[in-house]
Structure formats: structure tokens, C-alpha cells
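Enquirer: All I have is the shape, not the residue letters:
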């Protein structure tokens, strides 16, 4: 099978998942060519290391693009890029793929528009992997906290920007005929937001990387994700503050990106509540795996996270998870077996964290359960098999459709 892959992702979980998919398909003997705009992050887990080829297309900054984007989309300074110029580049990529001998196209999301312009121009059989639609009101409210502190003109600009983003996203996804996603929670969100069907193809973990190590536990709890309001770190700090000082652990946050204002807010909040905190940025995978293994627990409290690789990474390393039971985490962490679920309530979250901190044998049992469950269902190979089934299904459906037309 010859597969064209497109993405315009930043660093983070979606790129890690895509890297895993491409790696699996390549190892299974399929030819995978990756074609991306220059705005895509190819420094974090570069796909050139696991694909047949990688071609990067420059997104040129043109005067026409600046003028056109300002009129039709958004002033380029709001996105740090002209959306008109980005669309022209993605159209060019699609046309090159259309003229090639690819059996199927696999597209990921776009960091600027959610659903990419690319979908409008592809005529080959295509699967669009949609890891999340625009978040609901709860998450938008959380992300908007710092915006509320700005003046009315800036708030009006942000509101306008959000509305334009939603319009572009809905227009682009309307061109996708076959959509995959990462959880049944996200599938329901896609149906609610876009009014279109999708299929769940669960992600997996690179168990050769995320694995148990022969290291001792240390007195800290870990959380991983970008340092911004939507990840719920302030909730974790307030929860930890309710645990007695003599057993209260240090909170270590590993972030691939930090909003400076939010990071400063978290540090001040932790200081006020006497919670020890350390925020690490852009550490390598080996350091991350070591932290997963040394932590007593992994805490997870983002708002409506569609799926979240962090709980699976923790479980693969044998570390139990305490999570707010929202979003996709309810499909990965098994309450009472590999971790604990709580409501988004500081007291409940603190009690669950405190329980596992004090019960070493329970942590040990959950650790063994977690490793076993990951090996049974959540490996990278199993995720690749699930994706490959859908790729073959799309190709077979296209062949059947062509045969019917020829009759």
C-alpha cells in the first residue's frame, strides 16, 4: 500500500501519535510519504526518521496573502501567518498527491484551522483523523480567563477570531468523507459540533520507550502537558494544598509549551498555598520516562481532554493515575484497578490522591494491573492494526464504488 500523509501539527500528543502510526505502517512494509507545509513541527519526533520520504513545502508570505487574509479570514498577526498563503500551500500539496500513485491519504489536524484546508482539495481516498473538535463551553471558559482581564477591544478581537476559526473549521471538515477519532467521547463531540459521523480508532503507546524501570519511587507526583489554563494545574495545586503537610508531595509538571502569564500564576498560587512545585520544559523522552517511573502517582485533570496519551504513558511505566472523570480518560484509566477517578472537586481529588499516597501496596497492585492492560490492548502495534483496518476499508469502498459506476 502506498500512503500519503499530511499534517500541520505542533509538538505534543497528536504528533507523537502520528509518529507512532507512520512508524508502524513503515515497518509493516507500506510506502509512506509525508508531505507537510513548513509551518508543521518536524523537529519534535521527526517523521523523516520513520517514513519513506518527507517533503516540506514553504508557506510563503505574500502581499496578496496578507491583504486577502485580512479581508476574508483574519489579520495575519492574529495567527502569525496568512491563512490565504497557508491554504495555497495545502492546495499545492493536495494536487501533488492527486497526481501521484497513492492508494490512500491520511490527514491529521492543522494547528491554525483545526480541520485543514487540505481536505478541500484531495480527490484520492482519504481518512481524516480528528483528535478533537473545538472544545465546549467549559474549556473555552477556562482558556479565556486571562482574556477577560484585557480591555474590551481586545476581547472583541478574540471573539471575532474564535468565530472565524469555527467557520473555517466546519467548512473544511465538510469535505472529509471518512473520519477517525481517538475515543467515544470525542466521537460524540464530533457528532454534536459538526453533525457528521466518525469511527473510533484508539491510539497506542510505544512500550519499548514507556516501560517500567528498576528505580525507586521518590516523594513527588507528576503531571504532563502544556502549561496553560485548560490543563487544570491550578485545580491540582488547590487539591494538594488540602493534604496534610507531612505527606503532601511535590508536584512536578512537564510541559512542551508554557504560557508565561499562566506559569507565573501557578508558581504564585503554589507559593501561597505552600505546595512545592517544579515546572520543567522541553525535556527529552528518556528524562520523561524516568520521571514517570520515579513518581508515586500521575495526576491528570485537564478540562474535557478528548483522549490524552499521558495516562497511557503513565500506566505503561507502571504508575497509577488519579484523574478527573471527564473526557477520554474514562476509557483508558480503569477506576479501582489502574487508578482512581473523581469529580472535579478539590476535596474528592485530594482524598483520592491521599489514599494512594498512603497505601503503597495498592499502588503496587495498580501498577501491575496497568502494565498488563497496556500490553493487552494499548500498544503501538495494536493501534497500528486498528488504523490499517480502516485504511484498507476505505480503499475497498473506493474500488467497489468505481466498479458500480462502471456497470
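Expert: It's in. In this text, all values refer to a predicted model and were calculated from it rather than measured experimentally.
Enquirer: three-state assignment of the nearest residue to residue 381 once chain neighbours are set aside?
Expert: Nearest non-adjacent residue to residue 381, counting by Cβ to Cβ, 6 or more residues apart in numbering: residue 24, 6.4 Å away. No exception for glycine: its C-beta is placed from N, CA and C like everyone else's. Using DSSP: H, G, I helix; E, B strand; the rest coil, the structure places residue 24 in helix.
Enquirer: dump the residue contacts of residue 24.
Expert: 380, 381, 383, 384, 387, 388 (Cβ atoms under 8 Å, 6 or more residues apart in numbering).
Enquirer: Let me know how buried the fourth one is, in neighbour terms.
Expert: Spelled out, that is residue 384. The tally of other residues near residue 384 (other Cβ atoms under 10 Å) stands at 22.
Enquirer: I'd guessed it sits against residue 204; true?
Expert: Yes. If you go by Cβ atoms under 8 Å, residue 384 and residue 204 touch, sitting 7.2 Å apart.
Enquirer: Quick check: neighbours shared by these two?
Expert: Common neighbours of residue 384 and residue 204, using Cβ under 8 Å, 6+ apart, are residue 20.
Enquirer: can you pull out the helices in the stretch 51-200 of the chain?
Expert: With helices called from DSSP state H, counting those that start in this stretch, the stretch 51-200 of the chain shows them at 63-72, 76-79, 83-98, 137-143, 152-173, 184-194.
Enquirer: Lowest average confidence across the ones you listed, which one?
Expert: Per-stretch mean pLDDT for the helices of the stretch 51-200 of the chain is lowest at helix 137-143 (a mean of 47).
Enquirer: Go ahead and name everything in contact with stretch 120-130.
Expert: With Cβ under 8 Å, 6+ apart as the criterion, stretch 120-130 contacts 4, 18, 90-91, 94-95, 97-98, 102-109, 115, 119, 171-173, 175-182, 186, 190, 198, 201, 390-391, 394-395, 397-398.
Enquirer: residues in contact with residue 117?
Expert: Shown in contact with residue 117 (Cβ under 8 Å, 6+ apart): 83, 86, 87, 90, 91, 110, 168, 172.
Enquirer: buried subset of those residues?
Expert: 83, 86, 87, 90, 110, 168, 172 (16 or more other Cβ atoms under 10 Å).
Enquirer: Format these as TSV; extra columns: distance to residue 312.
Expert: Listed next are the buried ones among the contacts of residue 117 as TSV, based on distance: Cβ to Cβ, whole Å:
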residue	distance to residue 312
83	34
86	32
87	34
90	31
110	24
168	31
172	29
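Enquirer: Run a quick neighbour tally on the residue nearest to residue 95 when sequence neighbours are not counted.
Expert: Spatial nearest neighbour of residue 95, chain neighbours left out: residue 121 (6.6 Å); criterion: Cβ to Cβ, 6+ apart. Per other Cβ under 10 Å, the neighbour tally for residue 121 reads 17.
Enquirer: now swap in residue 340 and tell me
Expert: Residue 340 sits with 24 neighbouring residues when counted by other Cβ under 10 Å.
Enquirer: Give the helix, strand or coil label for it.
Expert: Applying three-state DSSP to residue 340 yields a three-state assignment of strand.
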